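**Student:** Curious how this folds, go ahead:
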Amino acid sequence: MPQDAPQPPFEEPDRPTAAADAGGAAATDFESLVTDLSRPAAHHGRDVGRDDVGDVERIETHVSVLFLTEQHVLKLKKPVHLPFVDQSTLALRRAGCEAELRLNRRTSPDMYVGLRAIRRGADGRAYVDTGALLESCESGARDEAANGAAKRNDARADAAPDALLDVAVEMVRLPADQMLDARLARNDVTEKHLRALSERLADFHRHADGSSAIAEHGRPDRVRHKLLENLDQLAREALPHPDHVERAHLDALRAFIDQWCTQHTDLLERRWRGGFVREGHGDLHAGNVCLWGERIMIYDCVEFDLDLRADDVACDVAFLVMDLCHRDHAEQARRITELYAEAAEDADLPRLVPLYAVHRALIRAKVELFATHQLTGSRADEHLRTARRYVQLALAWALGPAPIELDGETAQDRALVHELERVERARVQWSVGGASSNASDASGSREAPTASLCGTTGDAADDAAATSGRPFRLVAAARGEARDREPFTLFVRAGDDPLDVVARLLDARIDAHRT
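**Tutor:** Numbering: from 1, shown residues only. Reported below is the predicted structural model:
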């Protein structure tokens with residue numbers, strides 16, 4: 001795990017969740033367990049009196065609590081039952097831990113140390129048993145059976161010394177500054193890195209389970225159902241937030257998915273029968289990749305939902321591509337697509353990326369909305385804005401690339417340029433007084449534009465500004481490919497929220513596609 005703020009799959013930082021274990025443990029018992037394991041001494045076995053170690057960092061998500069020591073990370077699953085995962089009993093949590101170890105050792109065997117027992121010490125506080133790992137189901141079953149029998153005889157038996165309280169996954173702590181997202185942020189990802197990552201991913205897919213049971217997840221009718229079902233779930237989550245997730249955008253995305261699957265049934269059929277459906281990763285974003293020296297470590301796959309892992313290999317690639325675009329690294333996303341297709345000898349892959357990028361962006365939007373359930377104020381607002389960004393990104397993928405022209409010179413222009421570049425996956429150039437400039441270069445970006453996108457103010461913008469007495473900027477966009485330009489105009493007031501501007505831009509593009 002990285003040494004700063006690791007993020008498990010489909011989990012967002014949150015307050016502790018109150019839930020009861022099937023064994024009768026109340027939320028307060030789990031909170032006490034977390035408090036105990038937050039002590040440095042708890043991570044040194046039965047020697048609970050030790051206090052000569054560094055601090056323990058703690059990160060909480062919807063379904064897990066992570067304890068970060070200097071060299072290791074302990075991941076404890078919360079006793080929760082949520083729509084996407086059931087961890088309400090010790091047996092279920094253990095099964096989840098074992099699945100996490102098995103699946104992630106496919107890509108990062110040295111990182112996943114094993115399964116640790118959490119026991120009650122002589123002082124009554126929980127500690128990590130640093131003795132033998134709980135590698136076999138049999139050893140854990142004996143512990144659980146003994147603990148269960150004791151509980152039947154004595155409701156307070158879990159307070160006995162060495163009683164098994166829970167289990168957790170132990171991992172090697174990875175350097176945070178070597179994570180792909182951190183490297184991207186400081187412009188430290190080279191062509192060599194991208195090629196090595198693409199080849200590593202292609203090799204992983206080549207050897208992943210592609211049995212008939214796995215292949216069934218890629219049947220054309222099942223693909224369509226899965227994508228539309230996810231969109232339906234997102235639409236339900238979005239009902240309380242119409243200002244953040246526009247119904248018209250979801251309707252346009254539904255039309256895209258339905259039309260794409262209808263038009264490309266033969267391609268989906270060929271992929272299904274051709275061995276391209278594998279048990280992959282399921283959550284392949286830049287935060288789950290570590291480029292450490294010559295090592296490519298891919299970790300933290302989805303262990304709780306086979307349907308998210310078992311898919312066309314293009315789905316993993318598209319998730320990473322979508323995430324790179326979301327982080328405003330469109331050029332690296334383009335190269336990953338090309339390099340993976342080359343390494344895997346998969347000429348059809350680029351045709352599939354838009355569909356699966358849309359799907360994965362909508363999954364991320366759904367998760368962001370789900371994260372608002374227990375939040376209020378600014379924390380909830382940030383998740384809502386992020387969900388909106390993902391939906392906008394998905395819609396831009398569905399509509400295809402469009403050249404953009406922008407005029408302006410205020411600080412807000414840079415925020416708008418950033419949102420436009422992120423959504424449209426191209427560098428935007430803007431002009432001030434007729435002189436063009438690469439907006440990204442002005443703000444410190446390292447990438448050249450992927451298209452020539454420069455504009456100047458027109459009479460309409462001048463008239464609008466004169467009428468309102470406020471500065472306006474002209475945004476023009478085109479439908480489809482650059483060769484099929486059908487320009488239209490939007491007027492943007494100073495102070496407009498960039499996400500609102502992008503929404504209006506996408507609305508105009510939807511209308512253009514209908515004509």
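**Student:** Any buried residues in stretch 86-104, and which?
**Tutor:** Counting neighbours by 16 or more other CB atoms under 10 Å, one finds that the buried residues in stretch 86-104 are 87-88, 90, 92-98, 100-101, 103-104. Where you see a C-beta, it was placed from the backbone N, CA and C, and this is true even at glycine.
**Student:** so can I have a markdown table of the residues you listed showing distance to residue 388, secondary structure and pLDDT?
**Tutor:** Below are the buried residues of stretch 86-104 laid out as a markdown table (distance: CB to CB, whole Å; DSSP: H, G, I helix; E, B strand; the rest coil; pLDDT from 0 to 100):
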| residue | distance to residue 388 | secondary structure | pLDDT |
| --- | --- | --- | --- |
| 87 | 30 | coil | 95 |
| 88 | 32 | coil | 95 |
| 90 | 39 | helix | 96 |
| 92 | 34 | helix | 97 |
| 93 | 34 | helix | 97 |
| 94 | 38 | helix | 97 |
| 95 | 36 | helix | 97 |
| 96 | 31 | helix | 97 |
| 97 | 35 | helix | 98 |
| 98 | 37 | helix | 97 |
| 100 | 31 | helix | 98 |
| 101 | 36 | helix | 98 |
| 103 | 32 | helix | 98 |
| 104 | 31 | helix | 98 |
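**Student:** Below-threshold pLDDT in the stretch 351-500 of the chain: ranges please.
**Tutor:** Counting by pLDDT under 70, the stretch 351-500 of the chain contains low-confidence ranges at 402-413, 426-494.
**Student:** So which residues of the stretch 251-400 of the chain form helices?
**Tutor:** Under the criterion DSSP state H, counting those that start in this stretch, the stretch 251-400 of the chain contains helices at 265-273, 306-309, 313-326, 330-344, 349-370, 377-399.
**Student:** In JSON lines, list those helices along with mean neighbour count.
**Tutor:** Below are those laid out as JSON lines (neighbours: other CB atoms under 10 Å):
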{"stretch": "helix 265-273", "mean neighbour count": "16"}
{"stretch": "helix 306-309", "mean neighbour count": "19"}
{"stretch": "helix 313-326", "mean neighbour count": "27"}
{"stretch": "helix 330-344", "mean neighbour count": "20"}
{"stretch": "helix 349-370", "mean neighbour count": "24"}
{"stretch": "helix 377-399", "mean neighbour count": "21"}
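**Student:** could you redo those helices as CSV and give each row distance to residue 282?
**Tutor:** Below are those laid out as CSV (distance: least, CB to CB, whole Å):
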stretch, distance to residue 282
helix 265-273, 17
helix 306-309, 4
helix 313-326, 7
helix 330-344, 17
helix 349-370, 10
helix 377-399, 17
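**Student:** So which of these is nearest residue 280?
**Tutor:** helix 313-326 (4.5 Å; CB to CB).
**Student:** Helix 330-344 and that closest one, what's the angle between them?
**Tutor:** 160 degrees (axes from the mean of the first three to the mean of the last three CA atoms, to 10 degrees).
**Student:** What mean pLDDT does helix 313-326 get?
**Tutor:** Summarised as a single mean, pLDDT over helix 313-326 is 97.
**Student:** next one: that helix to chain centre, how far?
**Tutor:** The chain centroid and the centroid of helix 313-326 are separated by 10 Å, computed with CA atoms, centre = their mean, to the nearest Å.
**Student:** Ok, stretch 259-269 next?
**Tutor:** Distance of stretch 259-269 from its chain centroid, counting by CA atoms, centre = their mean, is 26 Å.
**Student:** doesn't residue 498 make contact with residue 416?
**Tutor:** Yes - judged on CB atoms under 8 Å, residue 416 makes contact with residue 498 at a distance of 4.4 Å.
**Student:** pretty sure residue 59 is in contact with residue 68, am I right?
**Tutor:** Yes - if you go by CB under 8 Å, residue 59 and residue 68 touch, sitting 7.0 Å apart.
**Student:** which of those two has more neighbours?
**Tutor:** Counted by other CB atoms under 10 Å, residue 59 and residue 68 do not tie: residue 68 has more neighbours, with 22 against 19.
**Student:** if you skip the residues just before and after it, what's nearest to the more buried one?
**Tutor:** Among residues not flanking residue 68 along the chain, residue 57 sits closest, at 4.0 Å (CB to CB, 6 or more residues apart in numbering).
**Student:** Neighbours of the one you found, how many?
**Tutor:** Residues near residue 57, counting by other CB under 10 Å, number 16.
**Student:** Tell me which residues touch residue 238, please.
**Tutor:** 244, 245, 247, 250, 369, 387 (CB atoms under 8 Å, 6 or more residues apart in numbering).
**Student:** Over to the first one. Which of the three states is it?
**Tutor:** Classification of residue 244 into helix, strand or coil gives coil, according to DSSP: H, G, I helix; E, B strand; the rest coil.
**Student:** I figured it hits residue 388, correct?
**Tutor:** Yes - Residue 244 is within contact range of residue 388, at 4.7 Å (criterion: CB under 8 Å).
**Student:** who touches both of the two?
**Tutor:** With contacts defined as CB under 8 Å, 6+ apart, no residue is adjacent to both residue 244 and residue 388.
**Student:** export whichever strand or helix holds residue 504 as PDB, just CAs?
**Tutor:** Per DSSP states H and E, residue 504 falls inside helix 498-514. Only the C-alpha atoms of helix 498-514 are listed here, as PDB (Å, rounded to 0.1, in the frame of the first residue of the first chain):
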ATOM      1  CA  PRO A 498     -17.100  25.800 -14.800                       C
ATOM      2  CA  LEU A 499     -19.100  22.600 -14.300                       C
ATOM      3  CA  ASP A 500     -22.200  24.500 -15.300                       C
ATOM      4  CA  VAL A 501     -20.500  25.700 -18.400                       C
ATOM      5  CA  VAL A 502     -19.400  22.200 -19.300                       C
ATOM      6  CA  ALA A 503     -23.000  21.000 -18.700                       C
ATOM      7  CA  ARG A 504     -24.300  23.600 -21.100                       C
ATOM      8  CA  LEU A 505     -21.700  22.700 -23.600                       C
ATOM      9  CA  LEU A 506     -22.700  19.000 -23.400                       C
ATOM     10  CA  ASP A 507     -26.400  19.900 -23.700                       C
ATOM     11  CA  ALA A 508     -25.700  21.800 -26.900                       C
ATOM     12  CA  ARG A 509     -23.700  18.900 -28.200                       C
ATOM     13  CA  ILE A 510     -26.600  16.500 -27.400                       C
ATOM     14  CA  ASP A 511     -29.000  18.800 -29.300                       C
ATOM     15  CA  ALA A 512     -26.600  18.800 -32.200                       C
ATOM     16  CA  HIS A 513     -26.500  15.000 -32.400                       C
ATOM     17  CA  ARG A 514     -30.300  14.900 -32.500                       C
END
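**Student:** Which neighbouring elements make contact with it?
**Tutor:** With contacts taken as 3 or more CB pairs under 8 Å, 6 or more residues apart in numbering; DSSP states H and E, helix 498-514 sits against helix 247-263, helix 377-399, helix 411-424, strand 472-477, strand 488-493.
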